[in-house]
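A.B. asks: Here's a sequence, model it:
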Amino acid sequence: SRRRHTSYISVTGVQTCALPILTSTNSPTTGIFLDAVSGSVNVTTATITNAGTEGVSVSNSDANIVFGTLNIDTAATGIRLDGVAGNMGSFTVNSGFVRNVAGDGVTITDYRMTTLTNMEINAGVGHAISARTRSTFVSDSTVVLDTLVINGDNDSAIELEADGATGSRLMVTLNDSTVTANGPLSSAHGLDAMTGGSGGDMVLNLFNNSFLSTNGFSINIDGSASGAGLINIARMEDTTIFGTPTSAGGVAIDTATFDTTVGGTIQQVGAGRLTVGTMLNPVEGVGLSLTDVSCDVEIGRASCRERV
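C.D. replies: The predicted structure follows:
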């Protein structure tokens with residue numbers, strides 16, 4: 001490192017770095033801090049325990065950063081990724097967990113490419129995963145969430161917000177994952193996707209996932225904000241919603257487009273199997289609500305069980 005930092009491990013401005021095993025314990029601030037890094041950073045195994053702020057923090061990076069296994073236990077925020085205009089960095093975790101965090105498990109802002117695979121991600125007060133674009137940037141931010149167990153104890157488990165400038169896109173893929181929101185409020189959804197008022201767009205690919213929200217909707221997608229861009233649902237296939245006696249409902253979609261391609265003539269989206277509520281876990285409230293939605297959707301098999 002060419003820069004002094006109070007984190008336990010700090011890497012700044014490195015071109016290429018291979019780190020087989022990293023361990024950070026009882027850092028007063030960040031467990032691993034990567035700032036303005038380019039080239040590549042490859043970490044085989046990282047274990048971070050009791051970080052005062054973030055377990056891992058990455059900012060202003062053009063590097064391809066890969067963690068084979070990343071385990072974070074006890075931090076204010078598990079992983080924080082911050083991009084700036086023009087950054088071309090990517091961040092990948094192939095396995096691991098984020099547990100016992102006071103705020104967000106993972107927070108992503110304007111980061112070009114993020115891939116999280118085979119992880120358990122839990123959150124305390126905040127969101128298990130929060131991803132957003134900001135109004136000052138015109139860029140694409142891609143987030144891939146693959147085979148995750150996601151739990152939010154207070155707020156929405158996953159929060160997505162496209163609030164970038166017109167022409168920017170937040171593109172999110174969620175697949176083969178289990179999402180649970182146990183927050184006490186009706187606004188604590190399993191997946192909460194929304195647009196801000198700055199004109200940025202969002203593209204969602206959702207397939208083979210299960211959702212449960214104790215008090216909110218399992219899936220809440222809302223593109224109705226004034227001045228907002230478009231929410232495009234390119235894939236929403238093989239979805240299972242587990243209900244609870246106190247849930248607000250199953251799936252609520254307001255002001256969005258189902259289309260396999262963005263722009264032009266709407267192309268049919270195949271929804272496959274859609275299960276909203278089960279015999280043992282029926283949905284309280286509305287099972288499926290569509291408002292101001294443009295779509296060509298084919299549902300192969302649908303099942304809806306509501307509590308009566």
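A.B. asks: Give me the buried stretch members for the helix or strand harbouring residue 65, please.
C.D. replies: Using DSSP states H and E, residue 65 sits in strand 64-82. In terms of neighbour count (16 or more other Cβ atoms under 10 Å), strand 64-82 has its buried residues at 64-67, 69-82. Quick note: C-beta positions are derived from backbone N, CA and C, even for glycine.
A.B. asks: Given the helix or strand following that strand, what are its sheet partners and their directions?
C.D. replies: Following strand 64-82 in sequence order, the next helix or strand is strand 90-93 (DSSP H and E). Strand 90-93 sits in its sheet next to strand 64-82 (parallel), strand 113-123 (parallel), going by DSSP bridges.
A.B. asks: could those strands go into JSON lines alongside mean pLDDT and distance to residue 260?
C.D. replies: JSON lines is the format used below for these (pLDDT from 0 to 100; distance: least, Cβ to Cβ, whole Å):
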{"stretch": "strand 64-82", "mean pLDDT": "96", "distance to residue 260": "28"}
{"stretch": "strand 113-123", "mean pLDDT": "97", "distance to residue 260": "22"}
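A.B. asks: of all these, which lies closest to residue 283?
C.D. replies: Residue 283 lies closest, by Cβ to Cβ, to one member of the strands paired with strand 90-93: strand 113-123, at 23.6 Å.
A.B. asks: Skip ahead from the closest one and say which helix or strand is next.
C.D. replies: Remark: after strand 113-123, the chain's next helix or strand is strand 129-133, criterion DSSP H and E.
A.B. asks: Indicate each strand paired with that following strand and its parallel or antiparallel sense.
C.D. replies: When pairs are called by DSSP bridges, strand 129-133 turns out to pair with strand 106-109 (parallel), strand 158-162 (parallel).
A.B. asks: can you list contacts of the first one?
C.D. replies: What that stands for is strand 106-109. By Cβ atoms under 8 Å, 6 or more residues apart in numbering, the residues outside strand 106-109 that reach it are 77-83, 98, 114, 116, 121, 126-134, 141, 143.
A.B. asks: For it, the averaged confidence score.
C.D. replies: On average, the pLDDT along strand 106-109 is 96.
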